[in-house]
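Novice: model this:
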Amino acid sequence: MKIDILTFSKENNFGANLQCYALSKVLTDMGHVVEILDLQLPKPKYSFPGNITLAIGNYIHQSFRKEFFPMFSKQYNAADYSNKEVFHADLYIVGSDQVWNVDITKRGLAKAYFFDFLPEGVKRISYAASFGVQAWSKTPYDEVIKDSLKKFSSISVRELSGVNICNDTFDVKAETVLDPTLLLENYDEITGIGDSKNNGELICYKFVNSEKFFNVCRHIANELNLKPVLLNQNRPRNGFIFRPFVTMKTWLDSLKNSSFVITDSFHCMVFAILFNRQFIALPSHPGRVERLVSLLSKLGLKNRLYMNIEDIYSNDEWKSTIEYKDVFSKLNKERADSVSFLKNAINK
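Specialist: Residues are numbered from 1 along each chain as shown. This next block holds a predicted model:
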């Protein structure tokens, strides 16, 4: 079957690129021919130093996409999609990532990520699409979104809150599945074959930084006798190993071989779990915490979530060792259910 994927596919973001890679690989391994719809979010304007950073990031991430992504389809043009004849795939899949978060896609693209541009009768599903919020706020696109979702043959979302939004706001049924990064048992194709190592590093990977965050990283490093590493930060900090502008392999290897991870990133947390690392999830946006809560609850790891930095000092449960045998028993069941949904949705 020819399948086209619509997702965030050219962002300078490790998680976005890895979820796209994972879904396309799962589908390819099933025997399907996969392409990615080349619909991209507009790039913000940066200062001169910001443009230099952007250019380096573009080179690093484009190198990864060139090696590991399937081809990009040019059939969809965001400026003019009046030619309906170009949509010739057997199935269109939207997801994963926050493709249904209109705060991200609102720049004229919110409706497109619900496949409003596809002709009638074209088969479409979602896989692990995320609204990125716990509750829906009314938008000018609500009616279009509702009409578009009713044309989906199967809908899956990443969080339970997404099931509720689909049901309560858009009157469609959905079920939860795992993020596609969790469907793959290993990432040896990228990292190379080899066991994980505890190299004595505390990996600190956070989108929203503060002095409080750096201080708590130093605290954990001191308590556990680890070397704190700022992963993919472009500004050095006193007391930290500085590891800027890393490739995808280096990013994954840093997590794979770490002794402990502290992060606000959903996908960084995912790979800490896949690599059997000890970790803390420390969200930066309370309104977007559902994706963390949903996964950690399924895997019996909710005690690794800290809503406030101050709680880390008073609650040292993070020092306890995660029993990954129990975690993977739950993960394997969720993985089987998610793959089953995907296969059934494709063949429906």
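
Novice: Run the chain-centre distance for the helix or strand of the chain with the lowest mean pLDDT.
Specialist: Taking mean pLDDT, DSSP states H and E as the measure, the helices and strands of the chain show their lowest mean at strand 72-73, namely a mean of 84. In terms of Cα atoms, centre = their mean, to the nearest Å, the centre of strand 72-73 is set 21 Å apart from its chain centre.

Novice: Identify each buried residue in stretch 324-334, please.
Specialist: 324, 327-328, 331, 334 (16 or more other Cβ atoms under 10 Å). Placement of C-beta: from N, CA and C, glycine included.

Novice: Walk me through which strands the least confident helix or strand of the chain pairs with, and which way each runs.
Specialist: Using DSSP bridges, the neighbouring strands of strand 72-73 in the sheet come out as strand 33-37 (parallel).

Novice: How far does the partner strand sit from its chain's centre?
Specialist: That offset, for strand 33-37, works out to 18 Å (Cα atoms, centre = their mean).

Novice: in it, what's buried?
Specialist: In strand 33-37, counting by 16+ other Cβ under 10 Å, buried: 34-37.

Novice: hey, where'd the strands end up in the chain?
Specialist: Taking DSSP state E, the strands of the chain run over residues 2-6, 33-37, 72-73, 91-94, 124-126, 156-157, 175-176, 201-205, 227-231, 241-243, 260-263, 278-281.

Novice: among these, which gets the worst mean confidence?
Specialist: Mean pLDDT is lowest for strand 72-73 out of those, coming in at a mean of 84.

Novice: Can you report how many residues lie near the nearest residue to Tyr127 once chain neighbours are set aside?
Specialist: Excluding the flanking residues, the one nearest Tyr127 by Cβ to Cβ, 6 or more residues apart in numbering is Gly95, at 4.2 Å. Neighbours of Gly95 under the rule other Cβ atoms under 10 Å: 27.

Novice: and what of the one 3 residues further on?
Specialist: With neighbours defined by other Cβ under 10 Å, the count for Gln98 comes to 23.

Novice: mind listing what it touches?
Specialist: Contact analysis of Gln98 by Cβ atoms under 8 Å, 6 or more residues apart in numbering lists 8, 104, 130-132.

Novice: Pipe the residues you listed into CSV and attach distance to Gln19, neighbour count and pLDDT per row.
Specialist: Shown next, in CSV, are those (distance: Cβ to Cβ, whole Å; neighbours: other Cβ atoms under 10 Å; pLDDT from 0 to 100):
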residue, distance to Gln19, neighbour count, pLDDT
Phe8, 8, 21, 95
Ile104, 14, 17, 91
Ser130, 10, 24, 96
Phe131, 16, 25, 94
Gly132, 14, 23, 89
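
Novice: what's the farthest-apart pair in those?
Specialist: Phe8 and Phe131 (14.2 Å; Cβ to Cβ).

Novice: Quick check: Ala135 touching Thr169?
Specialist: No: the pair Ala135 / Thr169 is not scored as a contact, 9.1 Å apart, by Cβ atoms under 8 Å.

Novice: And these two? Which one has more around it.
Specialist: Neighbour count, other Cβ under 10 Å: between Ala135 and Thr169, Thr169 has more, with 17 against 12.

Novice: Mind pulling the model confidence for the more buried one?
Specialist: Thr169 is assigned 97 on the pLDDT scale.

Novice: For it, list the residues it contacts.
Specialist: Applying Cβ under 8 Å, 6+ apart, the residues contacting Thr169 are 136, 142, 146.

Novice: Now do the last one against Asp264, distance only.
Specialist: Which is Lys146. 32 Å (Cβ to Cβ, to the nearest Å).
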